[in-house]
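Engineer: Build me a structure from this.
(one chain, ligands or ions: 3)
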Amino acid sequence: MKDNNNNNKSKPHESAVGHVTGKAIYTDDQRLPHGMLYLWPVLSPYAKAKLLKIDSSNLDNILGFVTILTANDIKGNNNTGTIKHDEVLLPADEINYWGQPVVWVVAETENAAQKAAETIKIDYEVLTPILTIKDAIKNNSVHADKNIMRRGNITNVLQESEFILTGEIEISGQDHFYLETQVSWVIPNMEDHYQVYASTQHPSETQAIISEVLSIPRNQIVVTCLRMGGGFGGKETQANPTAAIAALAAQKTGRPARVRLKRDQDMITTGKRHPFLCQYQVGFNSEGQLLALDIDLYSDGGWSADLSFPILQRAMFHLDNCYYIPNLEIRGQVVKTNKVSNTAFRGFGGPQGMVIIEEIIDRIARQLGLPAELVRERNFYHGEAETNTTHYGQEIFDNRILRVWEEVKLKSNFAQRKIEIAQFNQNNNYQKRGLAITSVKFGISFTKTEYNQGGALILIYLDGSIQLNHGGTEMGQGLQTKMLQVASQSLGVNIERFRIMPTSTDKVPNTSATAASSGSDLNGQAIKNACKILKKRLSKVAAKLLNLDEPQELIFDQDWIYCQTYPSQKIEFNQVVKQAYNQRVSLSTTGYYRTPNIYYDPKIGKGRPFYYYAYGAAVSEVEIDGLTGTFKLRQVDIVHDVGESLNPLIDIGQIEGGFVQGMGWLTMEELIWDELGKLKTFAPSTYKIPTIKEVPKNFQVHLLQRAAQDGVIYGSKAVGEPPFMLAISVREAIKEAIAAFGKTDSVFLASPATPEAILNAIEQVQLKLVDS
Ligand code: MTE
Ligand code: HPA
Ligand code: MOS
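Structural biologist: Ligands and ions are numbered 1, 2, ... in the order given. Got it, this is the predicted structure:
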């Protein structure tokens, strides 16, 4: 790890010590009230069925049993769907996926709830499920019509292209595997108010869904999230059903109630990264230049729509990655299957779009016998106007693709190592190495324009201590640390003065999800705005105390308030606070921010959906064992653009973590459903995520220097998601190594690149050697 930002901004995560000592408190560790009830679900044993009868007649004999929750208990809307209202909370007649919760048992203890759940008998009429994207296409099982983006003229240019390739790419899903599973508990009071504690990335939406389900106004409900043990997109919408069930139990019984999913229940019932299928035809010239690309893109939405439409749309926005594609048509569709409802996951469709274009470019390079990095370079966005404008009409005003690319090539010694690896491969029959470089351009902003707003609330107390509230949630990404830094810098006071408050809907209302990597951008600006308001008020008071009549010239710095022209004229922050109170000047304020200058018209597929782009490039080197199909990641070099970093330590952590999570997705995490639609990989024993052992020993992360971004909080850039996609370099490096086992003109590697997939691919390139 390298911190090449030489300053004091590298503050450790504000909960770092708490994380490693176990003292950091999560939703389920908070002091639970007396008389808390526990819930346990009854899960459907079929992927598709009619629900005929629920027999709960024997439950009263079970010690501690209180009641059950079924569709009949819902006073409001039996629906948690946020975009398309198609997601029942409790099924009334139809079962839509294996493991769907049908009934929840409420009891005095978790054991009693589980025991009662096992006693419930349910009759079903079993139906035939739709389980794959191809199956869904055949049966026209879809969530909506196709979404189309196009530029130029596909048909003519394809016909006239020197070369054409046709193919198919399948991309697998990924479980979030946050360490803290979905959890919520709710305290009702006699006046029909509900205090909800939930591990949610979107407290305001959790509040809204509970309000719908319980049929009470939102102001009766307070949703609070202290911190999450990871979210990764998996708690953007899918925290809502858990909290809604706990609230429903509280409403029915009038007692506090708690839902905490066991790991297997979480993996069985919650949505994952969307698997994608892509069928394409690409036209190119002998230089490897892309001329026209025609694509059908399908994502597996699962049983309900959830966030599938914006996720598919982000995949379509990122299908170009860093490449100018003059003629392009993408037809995207979300198909409906009898599986969990797939949802947001770091990158939000971007990774799938980028894997597709990188795969296509690799196939072109192999077909032409050109180095993949050369074909990549030849297709980069460049210049001005047309060749630097995306297919959705956004000009890339601050194009840093070549900068990160050239820098990582140099830093990794790419050219020299490529020669060394070729030599190594010549001399070794069973081990082969591969080296690859890929880059990332990721659009920052919610594509749902109205989400691009943030709010803050700052309260200064008379002893000079301060409470800081904002709309974002902490999930390990270090948002709170950064927000404390922004507040301290903006108000010019010591960071120790602040207590960061749990995110709560009674402090900042109508907040957006903490997602799209924009937590710091939106909430940071709102905090800065609040500080500006407070400074203006305090300036007037301070100016009087300093006998000055120009308050706007005052500087707030490190707990002192100065006069700019006569710096010896200064006064302590605390003194000004006390005097402000005495003069009846308010010491609290809200702050607000909305991202300017973004718009998008989905009808024509054009606009400027992103405020800016984040860039990065990575070089990965792998070694494959041809006998076992396993690989080792030998070295990774990254140059990533975080603008002027708010906190280099945290940003480097985000880059490392995102990269390793992306590598897990592409190389080892395998979700397997059987022919009846049962998920077979619902535990860490069968679902392998990367461990410290998979982290490359030689892992160099460099932040792009002199990279301040105009108009973003203190020149910084969003960092949460973009580095995830740098892991595509690992997949490409694996293909390079596979190619070295045989004939190199094509390598078809399934995703994820498990040992089995790698062995299959090796066999194919070796067979071609025999054939030719
Ligand atoms: N980092 C940690 N440690 N845990 C997480 O759950 N979520 C990622 C990313 N980094 C996540 C994380 C996702 S999906 C997003 S969108 C961003 O953090 C959200 O936080 P931000 O907007 O504050 O960057
Ligand atoms: N990213 C993440 N979450 C979202 C988005 C997005 O672009 N749009 C709506 N929810
Ligand atoms: Mo992140 S997938 O936008 O929560």
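Engineer: Can you name the residues that contact Leu646?
Structural biologist: Leu646 sits next to 9, 482, 485-486, 520, 524, 713-714, 716 when contact means CB atoms under 8 Å, 6 or more residues apart in numbering. For the C-beta atoms, the positions are set from N, CA and C on the backbone; glycine is no exception.
Engineer: give me the element Ala422 is part of.
Structural biologist: Applying DSSP states H and E as the criterion places Ala422 in helix 414-427.
Engineer: can you list contacts of that helix?
Structural biologist: Among residues not part of helix 414-427, those counted as contacts by CB under 8 Å, 6+ apart are 373, 408-409, 432-435, 437, 619, 621, 737, 740.
Engineer: circling back: how about JSON lines for the contacts of Leu646, with distance to Pro310 and pLDDT added?
Structural biologist: Below are those laid out as JSON lines (distance: CB to CB, whole Å; pLDDT from 0 to 100):
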{"residue": "Lys9", "distance to Pro310": "33", "pLDDT": "94"}
{"residue": "Lys482", "distance to Pro310": "25", "pLDDT": "98"}
{"residue": "Gln485", "distance to Pro310": "30", "pLDDT": "98"}
{"residue": "Val486", "distance to Pro310": "28", "pLDDT": "98"}
{"residue": "Ser520", "distance to Pro310": "21", "pLDDT": "98"}
{"residue": "Gly524", "distance to Pro310": "23", "pLDDT": "98"}
{"residue": "Ile713", "distance to Pro310": "24", "pLDDT": "98"}
{"residue": "Tyr714", "distance to Pro310": "28", "pLDDT": "98"}
{"residue": "Ser716", "distance to Pro310": "24", "pLDDT": "98"}
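Engineer: Looking at the residues you listed, which is nearest Thr82?
Structural biologist: Within these, the smallest distance to Thr82 is 23.8 Å, found for Ser520 (CB to CB).
Engineer: quick one, what contacts Thr181?
Structural biologist: Taking CB under 8 Å, 6+ apart, one finds 260-263, 265-266 in contact with Thr181.
Engineer: for Asp745, same thing?
Structural biologist: Asp745 touches 366-367, 369, 768, counting by CB under 8 Å, 6+ apart.
Engineer: Next, the distance between the ends of stretch 144-159.
Structural biologist: One end of stretch 144-159 to the other measures 31 Å (CA to CA, to the nearest Å).
Engineer: and what of stretch 470-483?
Structural biologist: 9 Å.
Engineer: That one and ligand 1, any residue contact?
Structural biologist: Yes - using CB under 6 Å from any ligand atom, stretch 470-483 comes into contact with ligand 1 via 475-477, 479.
Engineer: Does Val340 touch Gly99 like I think?
Structural biologist: Yes - with contact defined as CB atoms under 8 Å, Val340 reaches Gly99; the gap is 7.4 Å.
Engineer: Could you give the number of residues near Val105?
Structural biologist: By other CB atoms under 10 Å, 27 other residues sit near Val105.
Engineer: Sort out for me which of the contacts of Thr181 are in helices.
Structural biologist: The helices, defined by DSSP state H, take in 263, 265-266 from the contacts of Thr181.
Engineer: Could I have the buried ones of those residues as PyMOL selection syntax?
Structural biologist: Of those, the buried ones go into a single PyMOL selection, burial set by 16 or more other CB atoms under 10 Å:
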select buried, resi 265+266
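Engineer: tell me which of the ones in helices among the contacts of Thr181 is nearest to ligand 2?
Structural biologist: Nearest to ligand 2 among the ones in helices among the contacts of Thr181 is Asp266, at 20.3 Å by CB to the nearest ligand atom.
Engineer: Among the residues of stretch 470-483 next to ligand 1, which pair sits farthest apart?
Structural biologist: So, the residues of stretch 470-483 next to ligand 1 by CB to CB: farthest apart are Gly476 and Leu479, at 9.1 Å.
Engineer: Closest to ligand 1 out of the contacts of Thr181?
Structural biologist: For the contacts of Thr181, the nearest to ligand 1 is Asp266 (14.4 Å; CB to the nearest ligand atom).
Engineer: Not counting sequence-adjacent ones, nearest residue to the closest one?
Structural biologist: Distance criterion CB to CB, 6 or more residues apart in numbering; nearest residue to Asp266, sequence neighbours excluded, is Thr181 at 4.0 Å.
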